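[1] output the structure for:
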Amino acid sequence: MNSFSSVRDLLHNWQPEMPVYCVYPHVYNDSTQYFLRGFPGRILYAVKSNDEPAVVRVIHQAGVTDFDCASLSEIALVTKHCPGATCYFMIPVRPRGTARIAQEQYGVRHFVVDHHKGLELLASEIDMTRAVVFARMAVHHRSAIYDLSSKFGAAPEEIPGLIQAITALGAEPALSFNVGSSVRSPDAYSYALSVAAKVLAELPMRLRLVDVGGGYPQSYPGFEMPPLDAYFAAIREGIRDLPLAEGGEILGEPGRALAAPGLSALVEVLLRKDDRLYINDGLYGIFWELRFEGHQRYPMRAYRNGQPLNGEERSFRLLGPTCDSTDCLPGAVDLPADIDTGDYLEFGHIGAYSLGGRTRFNGLYSDKIVLINDCSEMPPA
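    This is a model prediction of the structure:
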């Protein structure tokens, strides 16, 4: 992988014709260690948020040793690039045979179910006596932009029976839930933990592990979220009432909060039409997440001839490179008024749910990924 001291250094040496995705190791190191220090438990990086090997490696090097995986390929990726890491197969529905391969070939011990039929299928593939099986509870909060309990999760009143069935099959039972994605209020975790406390109190045994899931947000321009410390505080307060076994532990599955900060996208302006800028990446590429509810833009910086472009600004619309007329980024952005064809734009904090969603629509796809060693170069949030 090519490495540059800064984006200016990159542009002085290379005027890329395709989008380039820039990994800032120092940014990832700092933001990951901040989460590790603040979260009151053990964290599992949600690989689905960004499975680029360079990103997974730097998050591992920053201190993350446990990984939330949703597929066998993610388990294989973590095993290859993160020596000594522990993978958790944390999706209730898996392709046939993958749980067996995960346990036998990769030593995976942790699995999740949300239904008695799913438990039966899991037990037919793995040695349950060598497994920890989480019962996933459905618990949604209105502050979450996306409801992650609409597809997976058993109702709270069904959890005790599922826990007892897991125990009867010889596995260690545990509890998990996910309050949603891009959670706008720490109250969501307080609420979910209060529900979990009531469920745990009904059990005839005490559990060792409770996984409080993901949903930890990232702020973007025009889309301000509470600081992560507020979420850590809510979880710290909520777990005080959990009746856990001695040595019990809380797990969390941050995805966006770890993946977003340390990646930027460098794109070229292909054409200017008055207040419209056509760029060489769009909604079928790195910006696919902007199709959905939530933030509409990323922090940006413009470059000309390898130097930051400043000056009086005006509003522009950004349009992607494909033939699809819907390939237009939402809203308008303020950029230097004289920006033109051949200039470059860098979009910061774009690491979450971006690289993994790229398509090859119209044959347009970039796999150009580089390292940027000067963390001061990231466009400010």
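[2] you'd agree Val108 is up against Tyr88?
    Yes - between Val108 and Tyr88 there is a contact at 7.3 Å, judged by Cβ atoms under 8 Å. (Each C-beta comes from the backbone N, C-alpha and C, glycine too.)
[3] between those two, tell me which one has more neighbours.
    Applying other Cβ atoms under 10 Å to Val108 and Tyr88 shows that Tyr88 carries more neighbours, namely 27 against 24.
[4] wait, is that one part of a strand?
    Yes - checked against DSSP: H, G, I helix; E, B strand; the rest coil, Tyr88 lies within a strand.
[5] what's it in contact with, if anything?
    By Cβ atoms under 8 Å, 6 or more residues apart in numbering, Tyr88 lies in contact with Leu44, Asp66, Phe67, Asp68, Cys69, Val108, His110, Phe111.
[6] same check on Leu290?
    Leu290 neighbours (Cβ under 8 Å, 6+ apart): Leu283, Gln296, Arg297, Leu329, Pro330.
[7] His110: neighbouring residues, count only.
    A count of nearby residues for His110, using other Cβ under 10 Å, gives 26.
[8] any stretches of the protein with poor pLDDT?
    375-376, 381 (pLDDT under 70).
[9] quick check: longest strand of it.
    Counting by DSSP state E, the longest strand found in the chain is strand 263-273.
[10] for that one, packing partners?
    Where contact means 3 or more Cβ pairs under 8 Å, 6 or more residues apart in numbering; DSSP states H and E, strand 263-273 is packed against helix 7-13, strand 20-23, strand 276-279, strand 344-347.
[11] looking at the ones you listed, which is closest to Ala260?
    Nearest of the helices and strands packed on strand 263-273 to Ala260, taken as Cβ to Cβ: strand 344-347 at 11.5 Å.
[12] pull out the buried positions in the next helix or strand after that closest one.
    Heading C-terminal from strand 344-347, the first helix or strand you meet, by DSSP states H and E, is strand 368-372. Using 16 or more other Cβ atoms under 10 Å as the burial criterion, the residues of strand 368-372 that qualify are Ile369, Val370, Ile372.
[13] again with stretch 331-345
    By neighbour count with 16+ other Cβ under 10 Å, stretch 331-345 contains the buried residues Val333, Leu335, Pro336, Ile339, Asp343, Tyr344, Leu345.
[14] from those residues, pick the one nearest Asn2.
    The shortest approach to Asn2 among the buried residues of stretch 331-345 belongs to Tyr344, at 16.4 Å (Cβ to Cβ).
[15] Asn29 belongs to a strand?
    No - according to three-state DSSP, Asn29 belongs to no strand; its state is helix.
[16] which non-adjacent residue is nearest it?
    Once flanking residues are discounted, Asn29 sits nearest to Ala62: 4.5 Å by Cβ to Cβ, 6 or more residues apart in numbering.
[17] list the contacts for that neighbour?
    Neighbouring residues of Ala62 by Cβ under 8 Å, 6+ apart: Tyr28, Asn29, Thr32, Gln33, Leu36.
[18] between those, which is nearest Leu309?
    Comparing the contacts of Ala62 against Leu309 with Cβ to Cβ places Tyr28 closest, at 26.7 Å.
[19] these two touch, right, the closest one and Pro261?
    Yes - Tyr28 is within contact range of Pro261, at 6.8 Å (criterion: Cβ under 8 Å).
[20] okay if I get the helices and strands packed on strand 263-273 as a markdown table plus distance to Pro186?
    Shown next, in a markdown table, are these (distance: least, Cβ to Cβ, whole Å):
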| stretch | distance to Pro186 |
| --- | --- |
| helix 7-13 | 35 |
| strand 20-23 | 30 |
| strand 276-279 | 36 |
| strand 344-347 | 28 |
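[21] now the helices for this structure?
    In the chain, the helices defined using DSSP state H lie at 7-13, 25-38, 53-61, 72-81, 98-106, 116-123, 159-168, 187-201, 228-238, 256-259.
[22] just those helices: most buried one?
    Burial of these is given as mean neighbour count (mean count of other Cβ atoms under 10 Å); helix 256-259 ranks first at a mean of 27.
[23] hmm, who's touching it?
    By Cβ under 8 Å, 6+ apart, the residues outside helix 256-259 that reach it are 28, 31-32, 35, 45-46, 49-50, 55, 59, 64, 181-182, 214, 216-218, 228, 351-353.
[24] how many neighbours does Thr322 have?
    By other Cβ under 10 Å, 18 other residues sit near Thr322.
[25] OK, contacts around the closest residue to it other than its chain neighbours?
    Leaving aside its chain neighbours, Thr322 sits nearest to Asn362 (4.6 Å; criterion: Cβ to Cβ, 6+ apart). If you count contacts by Cβ under 8 Å, 6+ apart, Asn362 has them with Tyr284, Pro321, Thr322, Cys323, Asp324.
[26] no further queries at this time; thank you.
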